[in-house]
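1. here is the input, now give the coordinates:
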Amino acid sequence: MPALGRPTGASFLVGETRPDDVVTPEDLGDEERMLIQTFQDFAEREVAPYLEALERGDREVGRRLFQKAAELGIFMAEVPEEFGGLDLSVLAVTGMCSIRSRLGSLGSLVFAHQGIGMLPLVNFGTPEQRERYLVPAMNGEILSAFALTEPSTGSDAMSIQTKAVLSPEGTHYALSGAKQWITNAGVADIFIVFAKVDGEHFTAFIVERDMPGLTVGANERLLGQHGTSVAALALENVRVPVENVLGEIGKGDKVAFCTLNVGRLKLATYAAGGAREAVEAAARYAAERTQFGRPIGEFGLIQRKLADMAARAYTAEAVAYRASGLVYYALGASAAGGRPSLDEKLATMSEFSIECAMAKVYASEAYNHLSDEAVQVFGGYGFSEEYAPAHMYRDSRITRIYEGTNEICRLYAQRATLRKAWGGGLDFDGWRAAMPLGARPSLARVDQGLGAGPAGAGSADAAFETYAPVIRGFKRAYLSLVGTVSDAVDHARMFDADNQQLVASLAEVAIEIFAAESVALRVAKARARGADESVMLEALVRIALARSAERIRPEVNEILGALLAGDALEARLGEVASWMPLPPGSIDDRARVARALLELGGLPAGEAQPVR
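-> Prediction:
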């Protein structure tokens, strides 16, 4: 099959990505790994002793650790050098976010400030605004929060009711309205607030905490992230100087959605890091806990659980870093050796917003599920707050809601994909016609005899060919489903509320394709390097691909069952089934992966192979 070439948003669905064209965690270079290690040391040495105090909401401890994070340069990471920052790459910053789950409640304090609190100032601030707000925010002198959500408008952000009215003398705007679920509200010094000028023009403002008319409510009682300050804001004719308009009047959507797309990218690596942590905790406990005279890790059902956890966490990392790599390389290409302009950044984040949304969905659901599984491995101890899985379980749940609910992310990703295809940006029909039918794809064991292959050019491609027929089958199924839905539903009504279930099923299949291809590409690269864990990874990728097949099948049934009947339904189900791999029988694979996990104490870290 022809290679994909330079990727664009959702183009993985209509081409074949090669291993050398994706970024995996093993590809991180010295700069990225040094930053991650620094942050890991910070988590272990500075934060771990105070996790309970942070959980209780001890603001003094939180602010002191926040200042230490500033001293490490964490808040300078994404700030360009000309503004006094470090201007680190997307990979370095998203890699840093993989440690967030180890910070407990400090994670929300630090990353809500470093990300959604500061990026609007970085990307849209005037020189005067950056001097007044960004510099002290970098230094940890002030703390910023992002205020978009309102009581009646959660996912429907463009329908906010907060209004801004220009004063007769033209010196300030009066902001009136309410915000809800604002992270860091109780401790923030400034807020990036969104309002509609004259009730019409969606605009961002910088609002200082002590401006008259701004009231911060009591902290919400949260399911998890107990030490996090999340509260409502009330604005009653808050006088905001015209100099505090952030960006342009009526262009606040650029401020909001550029920030949120980057936020989804970061959240994906954060959730993938949390998923890895859950696997590590479960593996260590299974090796130490004995029942009936044996470690519980030797029992088949625990091995099954550990192996499935490992496959999902390893895939979540592959998905998160692949999405980050797409943005990383696109920014590098657009800047032609220099630093990308704001317009180039906006265009790149818009181009790959589909993959950002998919990565956020996959990784957050993996984190949430694996935290639950870690509780199960620990048994009764997992239900105790004295052990790590309890807080993992509580803290992971919000990731499916942060940065746009997973339901909204699914609908957005599929809507954007279909509109791109309808506009000629994705050749669905041409790609489906070009894919060879061949025999039914197989997930049979291939590690005996094939091994990692010889090092050198082409070896990763050869390794990937082991899995490519399965992924082509997935893609053929997706394109076939798109055709069926498009024939049955008018394009103008495709995204009506009545058709959301069909769109969400298509999204589910597309996400599983992205995940399956990402993990296969990651393992192919590891095999080509001759990684010590190649045999384990061979088993792990089979488990992952089998899971994707089992996730795709019910969505196929859902769509075809809704739109076809009788002989036509039976024929189409049989056709799609011929593109799906037969169940491989994963008992031996799970035992192999579980034994390796118990020996390693978690997933393999992988060798550093710096990106080019």
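2. element containing the residue most central in space within the chain?
-> Among the residues of the chain, Ala268 comes closest to the average C-alpha position under CA atoms, centre = their mean, at 2.0 Å. Taking DSSP states H and E as the criterion, Ala268 maps to helix 252-288.
3. what residues sit buried inside that helix?
-> 252, 254-287 (16 or more other CB atoms under 10 Å). Glycine gets a C-beta too; all of them are placed from N, C-alpha and C.
4. sheet-wise, list the partners of the helix or strand following it with their directions.
-> Next helix or strand after helix 252-288 toward the C-terminus (DSSP H and E): strand 290-291. Partner strands and pairing direction for strand 290-291 (DSSP bridges) are strand 294-295 (antiparallel).
5. gap between the strand it pairs with and the chain center?
-> 36 Å (CA atoms, centre = their mean, to the nearest Å).
6. counting by contacts, list what the helix or strand just after it packs against.
-> For strand 294-295, the following helix or strand on the C-terminal side (DSSP H and E) is helix 300-335. Applying 3 or more CB pairs under 8 Å, 6 or more residues apart in numbering; DSSP states H and E, one finds that helix 300-335 contacts helix 90-97, helix 252-288, helix 342-351, helix 353-378, helix 500-529, helix 534-563, helix 587-600.
7. quick one: these as TSV, columns for distance to Asp461 too.
-> Below are the helices and strands packed on helix 300-335 laid out as TSV (distance: least, CB to CB, whole Å):
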stretch	distance to Asp461
helix 90-97	23
helix 252-288	25
helix 342-351	26
helix 353-378	22
helix 500-529	8
helix 534-563	16
helix 587-600	24
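8. what residues are up against the closest residue to Gly73 other than its chain neighbours?
-> Distances taken as CB to CB, 6 or more residues apart in numbering place Leu86 nearest to Gly73, at 5.9 Å, with adjacent residues excluded. Listed by CB atoms under 8 Å, 6 or more residues apart in numbering, the contact set of Leu86 reads 73, 76-77, 79.
9. neighbour-wise, which of those residues leads?
-> The residue in the contacts of Leu86 with the most neighbours, by other CB atoms under 10 Å, is Val79 (24 neighbours).
10. tell me the contacts of Ala320?
-> Contacts of Ala320 by CB under 8 Å, 6+ apart are 94, 98, 265, 268-269, 271-272, 359, 363.
11. Asp30 versus that one, what's the distance?
-> Applying CB to CB, to the nearest Å, the value for Ala320 to Asp30 is 20 Å.
12. quick one: contacts of stretch 51-70?
-> Stretch 51-70 has contacts (CB under 8 Å, 6+ apart) with 42, 46-47, 50, 75, 104-106, 109-110, 113, 138-140, 143, 186-187, 219, 226-227, 229, 391.
13. how about stretch 427-439?
-> Stretch 427-439 is contacted from outside by 1-2, 13-15, 421, 469, 472, 475-476, 479-480, 482-483, using CB under 8 Å, 6+ apart.
14. recalculate using a threshold of 10 Å.
-> If you take CB atoms under 10 Å, 6 or more residues apart in numbering as the criterion, stretch 427-439 is touched by 1-2, 11, 13-16, 417-418, 420-422, 469, 472-473, 475-476, 478-480, 482-483, 486, 578-579.
15. ok, of the contacts of Ala320, which one's closest to Ile302?
-> Ala272 (23.0 Å; CB to CB).
16. hmm, that closest one is touching Tyr362, no?
-> Yes - counting by CB atoms under 10 Å, Ala272 does reach Tyr362; the two are 8.8 Å apart.
17. any shared contact partners between the two?
-> 315-316, 318-320.
18. using CSV, list the CA coordinates for stretch 567-575.
-> Extracted in CSV, the C-alpha atoms of stretch 567-575 (Å, rounded to 0.1, in the frame of the first residue of the first chain):
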residue,chain,number,x,y,z
ASP,A,567,-31.2,-10.2,3.8
ALA,A,568,-29.5,-6.8,3.3
LEU,A,569,-28.5,-6.6,6.9
GLU,A,570,-27.3,-10.2,7.0
ALA,A,571,-25.2,-9.8,3.9
ARG,A,572,-23.5,-6.6,5.1
LEU,A,573,-22.8,-8.1,8.5
GLY,A,574,-21.2,-11.0,6.8
GLU,A,575,-19.1,-8.8,4.6
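19. now do the buried residues in that stretch.
-> Neighbour-count burial for stretch 567-575 [16+ other CB under 10 Å]: 572-573.
20. give the contact list for Ala310.
-> Going by CB under 10 Å, 6+ apart, the list of residues near Ala310 reads 275-276, 279-280, 282-283, 370, 536-537, 539-540, 543-544, 590, 593-594, 596-597, 600, 602-604.
21. about what we covered before: neighbour-wise, which one of the shared contacts of Ala272 and Tyr362 leads?
-> Ala320 (33 neighbours).
22. list the contacts for the nearest residue to that residue once chain neighbours are set aside?
-> Excluding the flanking residues, the one nearest Ala320 by CB to CB, 6+ apart is Ala268, at 3.9 Å. Counting by CB under 10 Å, 6+ apart, Ala268 touches 94, 97-98, 316-317, 319-324, 355-364, 366-367, 399, 403.
23. one more pass at 6 Å, please.
-> Taking CB atoms under 6 Å, 6 or more residues apart in numbering as the criterion, Ala268 is in contact with 320, 359-360, 363.
24. for Met309, state which of the residues you listed is nearest.
-> After measuring those against Met309 - CB to CB - the closest member comes out as Ala363, at 13.9 Å.
25. I'd assumed Ala316 was in contact with that closest one.
-> Yes - using CB atoms under 6 Å, Ala363 is in contact with Ala316, at 4.3 Å.
26. what touches both of these two?
-> Shared contacts of Ala363 and Ala316, counting by CB under 6 Å, 6+ apart, come down to Ala272.
27. give me the low-pLDDT residue ranges for the chain?
-> 1-5, 335-337, 445-458, 606-612 (pLDDT under 70).
28. rerun at 50
-> Low-confidence segments of the chain (pLDDT under 50): 1-3, 447-458, 608-612.
29. kindly state the domain boundaries assigned to it.
-> 11-23+257-600, 25-142, 145-246 (automatic domain parsing).
30. quote the end-to-end distance of the last one.
-> Using CA to CA, to the nearest Å, the gap from the first to the last residue of domain 145-246 comes to 14 Å.
31. how about Gly263, what does it touch?
-> 115-116, 403.
32. switch the cut-off to 8 Å
-> 115-116, 402-403.
33. any idea how far it lies from Ile206?
-> Counting by CB to CB, the gap from Gly263 to Ile206 is 19 Å.
34. pretty sure Ala546 is touching Gly585, no?
-> No - the criterion here is CB atoms under 8 Å, and Ala546 misses it with Gly585 at 9.1 Å.
35. and those two? which has more neighbours close in?
-> Shown here are Ala546 and Gly585; by other CB under 10 Å, Ala546 has more neighbours (22 against 12).
36. distance-wise, check that one relative to Thr24.
-> 21 Å.
37. same check, this time on Val47
-> From Val47 to Thr24 the distance is 28 Å (CB to CB).
38. next one: Val519
-> 10 Å.
39. who touches both of the two?
-> Residues touching both Val519 and Thr24 (CB under 8 Å, 6+ apart): Ala318.
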